[in-house]
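Asks: Next input, structure requested:
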Amino acid sequence: MMSAQLQQQQSGAEGTAPPASGNQSQGSGALPPLRNRASESKSPYVLLHADTPVAWQPMSEEALARARAENKPIYMHIGFLADHLCHLTWRDTFHNPTVAAFLNEHFVPIIVDREERPDLDTIYQNYSVAVNSISGWPLHLFFTPELEPFFANTYLPAPGTVGEEGEVCDLLTISQSNHRLWVEKEQKCREEAAKELEGLEKFVQEGALPIARTSNATAASDSDIEVDLDHVELAVSRIAKLFDPVHGGFGQHGEPKFPNPARLSFLLRLKECPAVVRDVIGGDEDVERATKMAIQTLDKMKNSGLRDHIGEGFMRMSSTSDWNMPHFEKMVGDNALLLGVYLDAWLGNTKDAKLTSDDKFPDVVLGLADYLISPIIQLQNGGFISSEAAYSYYRKGEQHMTNGTFYLWTHREFDDVLGPEASNIAAAFWNVQEDGNVPQERDPSDEFLNQNILSAGKDIHELSTQHGLPVEEISRIIASAKQKLLAHRDKERVRPPRDTKIIAGVNGMVISALSRTQAAAEAVGHSNKLYIKHAEKAAQFIHDNLWLKDKNTGDANGEAKPGNKVLHRHWNNGPSDTLAFADDYAFLIEGLLDLYEATLSTVWLNWAQELQETQNRLFYDSPSPANASQSRRSACSGGFYSTELQTISNNIPRLKSAMDILIPSVNAVSVSNLYRLGSVFAESRYKQMALETIKAFDPELMEHHWIHQSLLASVITAKLGVEEVRIETRNAQSELAQLRLRARGRTRALMELK
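Replies: Prediction:
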């Protein structure tokens, strides 16, 4: 692979490439010098880079045309605002004048916010895995002027950084090696890059096998789907082998862990499925095993350092298998999906089928919901932001932000804020140690010296016995301590930076979770239609500000359709120029359907159908003979591509995937939406598209069922049909209340009779 070749060059190379000395294209036909255009963006992450000396360009036809005209390779940086390593790269590398001068001289530097262009991030993260077996952020990429990749790497420390074995490789060294390669061996570089692009094209072939149809072919039926309910059993068995019986979660011991709400949701849904499904996957005993894997994981996460025990919300991931060494960024979409999963765990595992505040997870559910509607996450206009960063200043006036500072505590702080007696109880409850609770092997640089990441220590019953106080009094002390610590943190510390992009798909996730939480909250006396109001406000904002007419919209086959309304990806002081991707449509439609079921307002239902029609037009890979025109970017096999047909470069592969990368795949969510809308509107075309989508991924579902579990869940609906709940609104309030307090299982559609 080209990356390995470059690494060999770096380890053996002496000297450096020629220093930057101005624009290479000087002369009568020279283009004007590059300038930093980051300030033109609506992405907070890209805007952050407007103060760096790097001449950042947006991903645009103009930038690609310049690379071709000057025959310069492209350097692309992909990152996001919440990530600590991206922050370090911005601070230490992109502000370095030597790095900037070299990039500006010898490359066309392009910056990409992964949340603005998730398609590019997904494709090139997979390229990085293929060539280096690593992925992550920031992602550094080098391309030929034709956008064929030839190098990828993740975080690189600042120039001059010294490790245990001397200076470590940095972006300047990498850039110099790539420049030398281009100057000395351009043709070989192009040949290797073309092969890398060919490999990427193969990666995106999932769901791309053409469906053989004749002009007289009948519509697809569930019998056409080769994958069967037996594959659900196989998926559960494979997932069980990945399960960590000690700490919960999935993966090898010692590996980083992500919450994986898609997998947890799949496991919890099995209990709510009809008996015929439970029988196929091994009966109630195996279903119970699946439920226990999910519940244990949720329980461990609830008590771990992954959770913000003071202000609520979960961090994105943990670098340790016990969940106690988090990456401190909070992603709003992740928290919305986790709210839905914890809600299902609560609704599906109550005592005597009645919700109470003493159940296992209501504290997490209500805490998460309150976090999502807090002014930190929901802006005054109604939209929900994207994320909170991992890094912050400990106090105002400090020069550098540090990782996790906002969430760390010393024992002395507990004493000062709470007083001796309450401090001893609260410190024992949250595992706060005098010398800190971060193991030395996890903190080689003493970054967390004497600091504590809050996690579960002694429970209230142990503390009751130890201190000779009633359990109720211990609970009161803990609740009071939480409020005092929260007030102290809000007053004395500087909150982490927020990425204030209002992303359409993320808002759909939050709208869905809040809409479903409302009934449970009311059942335990927690709110009075509070969550619904916040969900409706967000939905209205998206409708008014991101659902706009577009003059240059094309359908899935590239045919221009001027005047159609389309969804824009995000809002930040105006709608983004980037149009929404298929996942934005899918998650927003799901949110609106859940909002409709919570309110019975047909405004949301009708808009969901409009969005579905637009998603179908822009992203659906129709297998219909009338539209069949198979190409690199259209397989005519059913299912949804993530991006539209048209693109600024055909060398950007078009991704169609049903794989759950921690969150449910766009095709899984879309199939569920199509089934629900098909039932509500009696639209057989939607159900046909759902079947065609499942059919498109038959090979992947059969071979890799455990990573396509969300779409696999829709196979149950394909075989058994949608659970259609018909109610007469005037006489069915109790039935409605019961429906809203049911955990998710097989795809369900609410049919209102008037």
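Asks: Which residues belonging to the helix or strand hosting residue 532 are considered buried?
Replies: According to DSSP states H and E, residue 532 maps onto helix 530-546. Buried residues in helix 530-546, counting neighbours by 16 or more other CB atoms under 10 Å, are found at 530-532, 534-539, 541-543, 545-546. Just so you know, the C-beta spots here come from the backbone N, C-alpha and C atoms, and that holds for glycine as well.
Asks: in the chain, what secondary structure element scores lowest on mean pLDDT?
Replies: helix 2-12 (a mean of 39; mean pLDDT, DSSP states H and E).
Asks: Break the chain down into its domains, please.
Replies: Annotated domains of the chain cover 2-203, 391-495, 540-753 [automatic domain parsing].
Asks: Of the ones you listed, which is nearest residue 504?
Replies: domain 540-753 (4.1 Å; CB to CB).
Asks: ranges for the helices of the stretch 151-300 of the chain?
Replies: 171-184, 186-203, 230-242, 261-269, 275-280, 283-303 (DSSP state H, counting those that start in this stretch).
Asks: need the strands for the stretch 51-200 of the chain, in chain order.
Replies: 74-79, 108-113, 139-143, 149-153, 162-163, 166-167 (DSSP state E, counting those that start in this stretch).
Asks: closest one to residue 602 among these?
Replies: Taking CB to CB, strand 108-113 is the member of these nearest to residue 602, at 35.9 Å.
Asks: quick check: angle from that closest one to helix 171-184?
Replies: Angle of strand 108-113 versus helix 171-184, following axes from the mean of the first three to the mean of the last three CA atoms, to 10 degrees, is 130 degrees.
Asks: Taking strand 139-143 as reference, get the angle to strand 108-113.
Replies: 140 degrees.
Asks: In space, what's closest to residue 55 - neighbours in sequence excluded?
Replies: Computed as CB to CB, 6 or more residues apart in numbering, the closest residue to residue 55 that is not its neighbour in sequence is residue 34, at 3.6 Å.
Asks: residues near residue 92, how many?
Replies: Per other CB atoms under 10 Å, the neighbour tally for residue 92 reads 17.
Asks: wait, what's in contact with it?
Replies: 157, 158 (CB atoms under 8 Å, 6 or more residues apart in numbering).
Asks: if we go to 10 Å?
Replies: 99, 157, 158, 159, 160, 161, 170, 171 (CB atoms under 10 Å, 6 or more residues apart in numbering).
Asks: Does the last one touch residue 107 like I think?
Replies: No - checked against CB atoms under 10 Å, the pair residue 171 and residue 107 is beyond contact range at 11.1 Å.
Asks: where do the contact lists of the two overlap?
Replies: Common contact partners of residue 171 and residue 107 (CB under 10 Å, 6+ apart): residue 75.
Asks: and the gap between residue 447 and residue 188?
Replies: 42 Å (CB to CB, to the nearest Å).
Asks: Actually, residue 146.
Replies: Taken as CB to CB, the span from residue 146 to residue 188 is 15 Å.
Asks: Please tell me how far residue 82 sits from residue 623.
Replies: From residue 82 to residue 623 the distance is 40 Å (CB to CB).
Asks: And residue 146 and residue 188? Which one has more around it.
Replies: residue 146 (16 against 13).
Asks: With only the CA atoms kept, save stretch 570-586 in CSV.
Replies: Extracted in CSV, the C-alpha atoms of stretch 570-586 (Å, rounded to 0.1, in the frame of the first residue of the first chain):
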residue,chain,number,x,y,z
HIS,A,570,-27.7,22.2,9.1
TRP,A,571,-28.3,25.7,10.4
ASN,A,572,-25.7,28.0,11.9
ASN,A,573,-26.6,31.7,11.4
GLY,A,574,-28.4,30.5,8.3
PRO,A,575,-29.0,27.3,6.4
SER,A,576,-25.9,25.4,5.2
ASP,A,577,-25.0,25.3,1.5
THR,A,578,-24.6,21.6,2.0
LEU,A,579,-27.9,19.8,1.3
ALA,A,580,-29.1,17.1,3.6
PHE,A,581,-28.0,13.5,3.2
ALA,A,582,-30.3,10.5,3.2
ASP,A,583,-29.7,9.9,7.0
ASP,A,584,-31.0,13.4,7.7
TYR,A,585,-34.3,12.6,6.0
ALA,A,586,-34.5,9.2,7.6
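Asks: mind listing the strands for the stretch 501-650 of the chain?
Replies: So, for the stretch 501-650 of the chain - with DSSP E, counting those that start in this stretch - the strands run 502-503, 547-549, 565-567, 570-571.
Asks: Pick the most deeply packed of these.
Replies: strand 502-503 (a mean of 28; mean count of other CB atoms under 10 Å).
Asks: Residue 62: how many residues sit nearby?
Replies: 11.
Asks: Which residues are in contact with it?
Replies: 37, 108, 648.
Asks: how far away is the residue nearest to the second one when sequence neighbours are not counted from residue 748?
Replies: The spatially closest residue to residue 108, leaving aside those adjacent along the chain, is residue 67, at 4.4 Å (CB to CB, 6+ apart). Look at residue 67 and residue 748: by CB to CB, they are 51 Å apart.
Asks: Roughly how far does the residue lying closest to residue 244 once chain neighbours are set aside sit from residue 115?
Replies: Residue nearest to residue 244 in three dimensions, not counting chain neighbours: residue 321, with 6.1 Å by CB to CB, 6+ apart. Distance, residue 321 to residue 115, using CB to CB: 27 Å.
Asks: So those two - more neighbours on which side?
Replies: residue 115 (25 against 19).
Asks: my guess is residue 170 meets residue 93, correct?
Replies: Yes - Residue 170 is within contact range of residue 93, at 7.2 Å (criterion: CB under 10 Å).
Asks: Among those two, which residue is more densely surrounded?
Replies: Neighbours were counted for residue 170 and for residue 93 using other CB under 10 Å; residue 93 has more, 25 against 19.
Asks: For the more buried one, give me its contacts.
Replies: Contacts for residue 93 (CB under 10 Å, 6+ apart) come out as 52, 54, 77, 99-100, 103, 138, 140, 155-159, 161, 170-172.
Asks: Please repeat the previous calculation with a cut-off of 6 Å.
Replies: 99, 158, 171 (CB atoms under 6 Å, 6 or more residues apart in numbering).
Asks: same deal with residue 432?
Replies: Residue 432 neighbours (CB under 6 Å, 6+ apart): 411, 414, 452.
Asks: ok so it is a helix residue?
Replies: No - the assignment for residue 432, made by DSSP: H, G, I helix; E, B strand; the rest coil, is coil rather than a helix.
Asks: what's the nearest residue to it if we skip its chain neighbours?
Replies: The nearest residue in space to residue 432 (CB to CB, 6+ apart) is residue 452, at 4.5 Å.
Asks: Quick one, grab the pLDDT at residue 394.
Replies: Per-residue pLDDT puts residue 394 at 87.
Asks: now the nearest residue to it once chain neighbours are set aside: how far from residue 526?
Replies: Among residues not flanking residue 394 along the chain, residue 405 sits closest, at 4.7 Å (CB to CB, 6+ apart). Residue 405 is 32 Å from residue 526, where distance means CB to CB.
Asks: re earlier: which of the helices of the stretch 151-300 of the chain sits most buried?
Replies: By mean count of other CB under 10 Å, the helices of the stretch 151-300 of the chain have helix 261-269 as the most buried, with a mean of 26.
Asks: can you state the direction angle for that helix and helix 230-242?
Replies: 120 degrees.
Asks: Relative to the whole chain's centre, how far out is helix 261-269?
Replies: 16 Å (CA atoms, centre = their mean, to the nearest Å).
Asks: the helices in the stretch 601-750 of the chain, which residues?
Replies: Using DSSP H, counting those that start in this stretch, helices in the stretch 601-750 of the chain cover 602-619, 666-680, 684-696, 698-703, 709-720, 733-740.
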